[in-house]
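**Q** sequence and computational prediction follow.
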Amino acid sequence: GNGFKEMKRRKVRRGLVCVLEGAKHDPSETHDNFLRDLLRAFLATPSDCHRIPEQWEQDPYLRSKVQVVDTDTEGHGFRVLMKVGHMDLPSETPFKQELLARQAMWRKTRPAALDSVARAVQGDLKVLSDPMVCSSI
């Protein structure tokens, strides 16, 4: 919270402050794999750090973990305060295992309509991989 107030006071053009629920001095003890996601998104496009919550709208797991608490657009800037909840898996979980667990959770929660779309897309891909179809395209 204090970082966000200071960012507003200094009129930082673009910024993101994350408050990690339950984290103390070393956030990797509670949010290690989340920090990997956050740093990956930040390093990909640092100037769009304020849009990370929007970028994560497509990821059901990350979307469920974050909440935008405040935004400030005064002085042609864009600053975001984001609250991050507790993680579902222990911080010691290897990142690859966490990604697999997230995918399994997502499969359990997605609507049946998405399943039918996924099957249709897979069917289209199988058709496109057929040499007879490809030669006629």
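**A** In hand now; what should we look at?
**Q** how close does residue 22 get to residue 86?
**A** 6 Å (CB to CB, to the nearest Å). All C-beta spots, glycine's among them, are computed from the backbone N, C-alpha and C.
**Q** which neighbours do those two share?
**A** residue 30 (CB atoms under 8 Å, 6 or more residues apart in numbering).
**Q** what does residue 90 show for phi and psi?
**A** Per-residue torsions, residue 90: phi -60, psi 150 (degrees, to the nearest 10).
**Q** who are the contact partners of the closest residue to residue 47 other than its chain neighbours?
**A** Excluding the flanking residues, the one nearest residue 47 by CB to CB, 6 or more residues apart in numbering is residue 14, at 6.1 Å. Residue 14 sits next to 47-50, 77-79 when contact means CB under 8 Å, 6+ apart.
**Q** quick one: pLDDT of residue 14?
**A** We have a pLDDT of 96 for residue 14.
**Q** helices of the chain, start to end?
**A** 2-9, 28-44, 52-55, 60-65, 95-109, 112-129, 131-136 (DSSP state H).
**Q** got the confidence number for the residue nearest to the spatial centre of the chain?
**A** With the centre of the chain defined as its mean C-alpha position, the nearest residue by CA atoms, centre = their mean is residue 56, 3.5 Å away. We note a pLDDT of 96 for residue 56 in this prediction.
**Q** and the one 5 residues further on, by the same measure?
**A** pLDDT for residue 61: 90.
**Q** surely it meets residue 107?
**A** No - Residue 61 is beyond contact range of residue 107, at 11.5 Å (criterion: CB atoms under 8 Å).
**Q** before we move on, the earlier item: of the contacts of residue 14 - the most surrounded one?
**A** Neighbour counts for those peak at residue 79, which has 24 neighbours (criterion: other CB atoms under 10 Å).
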